[in-house]
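Visitor: Here is a sequence together with a model predicted from it:
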Protein chains: 2
Amino acid sequence: MPAQQRIQRPAPMYMQVAREVAREIESGTYKPGDVLPSEAQMVDAFGVGKATVRQAVAELRAMGLVDVRQGKGSIVRGPALQGHPMDRGIYRRSARSGPRWEVPQPPEVEEPSISRVVLDGTTAALLDQADQDALSVERLLRDPDTDVRTAHRTLIPLSVAAEVPALADAPDAPTAALFEHLAAAGHTLTWAEHVSARIPLPDERATLRLPDASPLLITHRVTYGDQRRPLLCEELRAPAAGVRLVFPVQAAKAPANKPARAKSA
Amino acid sequence: MPAQQRIQRPAPMYMQVAREVAREIESGTYKPGDVLPSEAQMVDAFGVGKATVRQAVAELRAMGLVDVRQGKGSIVRGPALQGHPMDRGIYRRSARSGPRWEVPQPPEVEEPSISRVVLDGTTAALLDQADQDALSVERLLRDPDTDVRTAHRTLIPLSVAAEVPALADAPDAPTAALFEHLAAAGHTLTWAEHVSARIPLPDERATLRLPDASPLLITHRVTYGDQRRPLLCEELRAPAAGVRLVFPVQAAKAPANKPARAKSA
DNA sequence: TATCATTTGTTCGTATGTATC
DNA sequence: CGATACATACGAACAAATGAT
């Protein structure tokens, strides 16, 4: 720790402006839906150049506090979209009653599109099949209550599709049906959910109608059969702002083995 | 004017520049660790103004493709940090063997700091206690293998701490010990994990050493007692780039709308 | 140790295009 | 149509960090 830590240089002016406006938003001076003063007004009010104001507004946008629209202005976002997850959960739970499965899933916007794809790095690692192609079923889902759009992709390795013809015949069946077919083929199913997040790509922002400053929550639900063989992978991409993923968890009875640091090359 | 719909305006110049450089990165012209041409060189190479080049570089940074450092240049990131989750998982699993619990947790960097806090919107909703204060234990954790830093916060409502004095005596005990105390007090424990993500605040970027374009993965693990009463909330904030959260999932036997309770032996 | 060239960061100015009302 | 506001683009200057001399 150098002594330089003590002294603090004044923050850049654009950051000071951004913080000042952010404070006014949080204190209620500007309420959700309000339009902030225009850039020209801020130039006069703060006595700084236009580039400084623009960068300050860019910071506010990156913080997720405002939505900027050309020709209109900078609109203050509601707290629900300011990064705090609302009470809208996407529940990730599967339930089984006898031979039937229940897997919650919102209705889809368009009909699913089926294609044959080469697995990318992440999904190849999860499915443990570097060279194998897979069937891909892509869906665009939409929750009618909240208008939240999510992208869902089911990946069925070709080897699994060959073994279980029911999957190859109707890969676009509901997830519960896929589980039932795998169970009927003699597999004992277990799952793992892999959750990550990243900045959305431009086209993802468009199709999912993502606002600025909203990361993309990505979960891969891998279905395993016996000997922990991966059979299926579902990828769900959801906006992180205003949405939570909820996992009901049951503690395991026994610590079993410890796969904590296993490195599979 | 309807014909105008068909034509598409050319993308802004800064976006064209960004895409061109991104293509060169992905095609291998610039490899991870390489330093991109300086801004001045790009101004000459592309024949655009400096502001245009700067915004293009800002785009590349937002895409997570490069790391820009003053006085040095723009360094191409490795694919591991380009938004694709690596094979480093944070395992979220609790195991019980008899009266003992096992909860995985990396070592902490500093000693935990204990304070009394007022619950914010999210945690108040999860703990179902709008007016209640809570004990807060904050830890900064660090995985020695990967140098990944995570922030961990345990919230114990004051009412729960009053009922279970062992929690109030040592709120900074390991999570497994907290579970054991709650179980010893007669509670049957269940959990739910709430996962979200958002853009990190500036100070979070500093303490967690977050690179640009890395969202923050946030999970709230709520511990419930009987009648689904929330007893405890743990908040974990982890960098989303290069990290996955892994949840082992077991399908419930019956589609109960009531929480499925673990059978006590 | 100190200096210097290079590179990015910040800030100002000006002009024009485009969307909204 | 016109006024307003943001988006894009140019130029210029100085500050701050970096690495090598």
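Guide: Structure's in. What do you need? Numbering: from 1, shown residues only, chains lettered A, B, ... in the order given.
Visitor: quick one: residue A:239 and residue A:148 touch, right?
Guide: Yes: here residue A:239 lies in contact with residue A:148, judged by Cβ atoms under 8 Å, at a distance of 6.5 Å. Yep, even glycine has a C-beta here, placed from its N, CA and C like the rest.
Visitor: residues in contact with the helix or strand encompassing residue A:178?
Guide: Using DSSP states H and E, the element containing residue A:178 is helix A:175-184. Contacts with helix A:175-184, where a contact means Cβ atoms under 8 Å, 6 or more residues apart in numbering or on different chains, come from A:94, A:99-103, A:105, A:154, A:156, A:164, A:166-167, A:170-171, A:173, A:189, A:223, A:225, A:231-232, A:234.
Visitor: what about 7 Å?
Guide: A:99-103, A:105, A:164, A:166-167, A:189, A:223, A:225, A:231-232, A:234 (Cβ atoms under 7 Å, 6 or more residues apart in numbering or on different chains).
Visitor: Nearest to chain B among the residues you listed?
Guide: Relative to chain B, the closest of the contacts of helix A:175-184 is residue A:102; by Cβ to the nearest Cβ it sits at 5.0 Å.
Visitor: how far away is the closest one from residue A:179?
Guide: 10 Å (Cβ to Cβ, to the nearest Å).
Visitor: Which one's more surrounded, these two?
Guide: Remark: of residue A:102 and residue A:179, residue A:179 carries more neighbours, 23 against 18, as counted by other Cβ atoms under 10 Å in any protein chain shown.
Visitor: ok but residue A:64 is inside a helix, no?
Guide: No: counting by DSSP: H, G, I helix; E, B strand; the rest coil, one finds residue A:64 to be coil, located in no helix.
Visitor: picking that back up, identify each buried residue in the helix holding residue A:178, please.
Guide: Using 16 or more other Cβ atoms under 10 Å in any protein chain shown as the test for burial, helix A:175-184 gives A:175, A:176, A:177, A:178, A:179, A:180, A:181, A:182, A:183.
Visitor: Closest one of those to residue A:197?
Guide: residue A:175 (22.3 Å; Cβ to Cβ).
Visitor: re the thing from before, right, and out of the buried residues of helix A:175-184, which lies closest to DNA strand C?
Guide: For the buried residues of helix A:175-184, the residue nearest DNA strand C by Cβ to the nearest atom of the strand is residue A:175; the value is 38.0 Å.
Visitor: What does the pLDDT read for the closest one?
Guide: The model reports residue A:175 with a pLDDT of 88.
Visitor: show me where the stretch 151-265 of chain A has helices.
Guide: For the stretch 151-265 of chain A, applying DSSP state H, counting those that start in this stretch gives helices covering A:158-163, A:165-169, A:175-184, A:202-207.
Visitor: Name the residues that touch the first one?
Guide: Yep, that's helix A:158-163 we're talking about. A:132, A:133, A:134, A:135, A:167, A:168, A:185, A:231.
Visitor: Mind putting those residues into CSV with neighbour count and distance to DNA strand D?
Guide: Output for the contacts of helix A:158-163, formatted as CSV (neighbours: other Cβ atoms under 10 Å in any protein chain shown; distance: Cβ to the nearest atom of the strand, whole Å):
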residue, neighbour count, distance to DNA strand D
A:132, 14, 41
A:133, 15, 38
A:134, 24, 37
A:135, 19, 39
A:167, 23, 45
A:168, 14, 45
A:185, 15, 52
A:231, 23, 45
